[in-house]
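Engineer: Coordinates only, no sequence provided:
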């Protein structure tokens, strides 16, 4: 049966629909920012668990989110966006409660996997419900505002997360989602409209989801455990070979399934292929930098979690401010020029960290300039990478193309955090920690530079960014295609 259409009472304003749908996006975007800030507290609470094990708290979320995002959107189309929105909201809130109550790291990781599944259902359905509530003449404006909520989550995440953790401990990084989820549910039941579902569509490829999740998990496991297993050990070889074999099976299945997790035909577009490759490489450095900066401030400069959170906040604020004009610049000068310009700023900021930041705290002279430069680069780059990825696709494929680009971000982020674990290791002295972090910043700069090489393959042609449905974001909070209306 198709989902029946409900009638919204005339006294319910569309602003409430925006509030409910944007609240779901805010929760998922905020959560990873908070978890990065909470990481030092997790290390303190679980001193007998390795950093590689704790990193799964971040990478596990990214793997599940990346694997389910496209399928979550297709499931919403098939059985109804309203239904999937509430399923995602419930699963995400349940995962948050499990994380907050977790007595051990394995239970915490399971909670994060549940959160990732909830976010993958929640975000595409929330955007679909929002767009259905407003006329086409307001689509660009309302999506830009929705994007701003995600940017706000990133800008406030470090400071808000640090304040929560300082006041009540790391568990409140997850418990904070419970009242927010309850408000979204109770309000959403009254105002969200159920639209007709397309039950004639083929079922999404859930077996493909299992395959891609297994392949990514095996790859991350091999990278993160390489130092302890040994880079030539049988377990490492088995893990990496398993990732390749299962990944190949996933690609074969994508080629033959009616509703694949990854539509390989889209990669016939050169711009789409190179933009997603650039996004993958960029994310491998970007997400490693996010966590690495927090670990440096708390372990080398011995900042408190609250002070560290406040110290990194200027960067996300710059990202939020720059994202909107970045889209306008892309419309005027083309994707490639703006992306390479942004990457130049980002690499400069990372090199400033690596060459200027020393063992003794000098925030204004050493840290702040690097944070502002890298924030400027991120604000110019991430929005235009997402828009460039879908610019060459047919408009009917913008939504799924954007979801694929977001998947590339999450995969890159998971791999980047695993590589961070290898680079930082377990330093036993201040000088070792400083040297390892400098190596991390250089690695991040290298990934950004390689992203720039890939970006050369993106077409020069600029299309109106506001016409592109933005990718659903869970970690950067920068849903970037529509911010240039």
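Structural biologist: Happy to help now that I have it. Being a predicted model, the structure only gives us computed values, none of them experimental. Numbering: from 1, shown residues only.
Engineer: Near residue 178, how many other residues are there?
Structural biologist: Using other C-beta atoms under 10 Å as the criterion, residue 178 is surrounded by 14 other residues. In this view, the C-beta of every residue, glycine as well, is placed from N, C-alpha and C.
Engineer: how is the chain carved up into domains?
Structural biologist: 14-205+257-484, 206-256 (automatic domain parsing).
Engineer: so what's the residue lying closest to residue 276 once chain neighbours are set aside up against?
Structural biologist: Distance criterion C-beta to C-beta, 6 or more residues apart in numbering; nearest residue to residue 276, sequence neighbours excluded, is residue 408 at 4.6 Å. For residue 408, the contacting residues are 276-277, 279-280, 283, taking C-beta atoms under 8 Å, 6 or more residues apart in numbering as the criterion.
Engineer: For residue 408, identify the helix or strand it belongs to.
Structural biologist: Counting by DSSP states H and E, the secondary-structure element that holds residue 408 is helix 398-424.
Engineer: Which other helices and strands does the next helix or strand after that helix contact?
Structural biologist: Elements were assigned by DSSP H and E; along the chain past helix 398-424, the next helix or strand is helix 430-455. For helix 430-455, the helices and strands in contact under the criterion 3 or more C-beta pairs under 8 Å, 6 or more residues apart in numbering; DSSP states H and E are helix 270-299, helix 335-356, helix 368-390, helix 398-424.
Engineer: Need those in TSV (columns: mean pLDDT and distance to residue 230).
Structural biologist: Shown next, in TSV, are the helices and strands packed on helix 430-455 (pLDDT from 0 to 100; distance: least, C-beta to C-beta, whole Å):
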stretch	mean pLDDT	distance to residue 230
helix 270-299	94	23
helix 335-356	95	29
helix 368-390	89	35
helix 398-424	90	13
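Engineer: most neighbours per residue, which of those?
Structural biologist: Looking across these with neighbours counted as mean count of other C-beta atoms under 10 Å, the highest average goes to helix 368-390: a mean of 27.
Engineer: Who are the packing partners of it?
Structural biologist: In terms of contacts (3+ C-beta pairs under 8 Å, 6+ apart), helix 368-390 is packed against helix 270-299, helix 314-333, helix 335-356, helix 398-424, helix 430-455.
Engineer: Specify the stretch among those helices that is closest to residue 17.
Structural biologist: Residue 17 lies closest to helix 398-424 among those, at 19.0 Å (C-beta to C-beta).
Engineer: between the helices and strands packed on helix 430-455, which one is nearest to residue 258?
Structural biologist: Where the helices and strands packed on helix 430-455 are weighed against each other on C-beta to C-beta, the nearest is helix 398-424, at 13.8 Å.
Engineer: show me where the stretch 1-150 of the chain has strands.
Structural biologist: Counting by DSSP state E, counting those that start in this stretch, one finds no strands in the stretch 1-150 of the chain.
Engineer: for it, what spans make up the helices?
Structural biologist: Counting by DSSP state H, counting those that start in this stretch, the stretch 1-150 of the chain has these helices, from start to end: 14-45, 51-54, 56-79, 81-101, 105-133, 139-168.
Engineer: could I get the helices and strands packed on helix 368-390 as CSV with distance to residue 81?
Structural biologist: Supplementary listing: the helices and strands packed on helix 368-390 in CSV, determined by distance: least, C-beta to C-beta, whole Å:
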stretch, distance to residue 81
helix 270-299, 25
helix 314-333, 26
helix 335-356, 30
helix 398-424, 12
helix 430-455, 33
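Engineer: To residue 149, which of these lies closest?
Structural biologist: Distances from residue 149 to each of the helices and strands packed on helix 368-390 were compared using C-beta to C-beta; the shortest belongs to helix 314-333, at 10.5 Å.
Engineer: So which elements touch that closest one?
Structural biologist: helix 139-168, helix 335-356, helix 368-390.
Engineer: who wins for proximity to residue 439 among these?
Structural biologist: Proximity to residue 439 (C-beta to C-beta) singles out helix 335-356 among the helices and strands packed on helix 314-333, at 8.2 Å.
Engineer: Against which helices or strands is that closest one packed?
Structural biologist: Secondary structure elements in contact with helix 335-356, counted by 3+ C-beta pairs under 8 Å, 6+ apart, are helix 270-299, helix 314-333, helix 368-390, helix 430-455.
Engineer: Now do that helix against helix 270-299, angle only.
Structural biologist: Angular relation of helix 335-356 and helix 270-299 on a 0 to 180 degree scale: 20 degrees, by axes from the mean of the first three to the mean of the last three C-alpha atoms, to 10 degrees.
Engineer: that older thread, roughly how far apart are the residue nearest to residue 276 and residue 251?
Structural biologist: Note on residue 408: its distance to residue 251, by C-beta to C-beta, to the nearest Å, is 15 Å.
Engineer: Only the buried residues of stretch 249-264, if you could.
Structural biologist: Neighbour-count burial for stretch 249-264, with 16 or more other C-beta atoms under 10 Å as criterion, is recorded at 249-250, 253-254, 257, 259-263.
Engineer: Would you tell me what the next helix or strand after the lowest-mean-pLDDT helix or strand in the chain is?
Structural biologist: Of all regular secondary-structure elements in the chain, judged by mean pLDDT, DSSP states H and E, the least confident is helix 139-168 with a mean of 76. For helix 139-168, the succeeding helix or strand toward the C-terminus, using DSSP H and E, is helix 172-175.
Engineer: how distant is that next one from the center of its chain?
Structural biologist: Using C-alpha atoms, centre = their mean, to the nearest Å, the mean C-alpha position of helix 172-175 is found 19 Å from that of the whole chain.
Engineer: for the helix or strand following it, packing partners?
Structural biologist: Toward the C-terminus, helix 172-175 is succeeded by helix 177-191 as the next helix or strand (DSSP H and E). Using 3+ C-beta pairs under 8 Å, 6+ apart as the contact definition, the elements that helix 177-191 packs against are helix 14-45, helix 81-101.
Engineer: For those helices, give me JSON lines that also has mean pLDDT, distance to residue 423 and mean neighbour count.
Structural biologist: Converted to JSON lines, the helices and strands packed on helix 177-191 look like this (pLDDT from 0 to 100; distance: least, C-beta to C-beta, whole Å; neighbours: other C-beta atoms under 10 Å):
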{"stretch": "helix 14-45", "mean pLDDT": "86", "distance to residue 423": "15", "mean neighbour count": "22"}
{"stretch": "helix 81-101", "mean pLDDT": "95", "distance to residue 423": "26", "mean neighbour count": "22"}
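Engineer: quick one on the thing from earlier: ok, which of the helices and strands packed on helix 430-455 comes nearest residue 327?
Structural biologist: Nearest to residue 327 among those is helix 368-390; the distance by C-beta to C-beta comes to 5.6 Å.
Engineer: report the angle between the axes of that closest one and helix 335-356?
Structural biologist: 150 degrees.
Engineer: Right, I'll leave it there.
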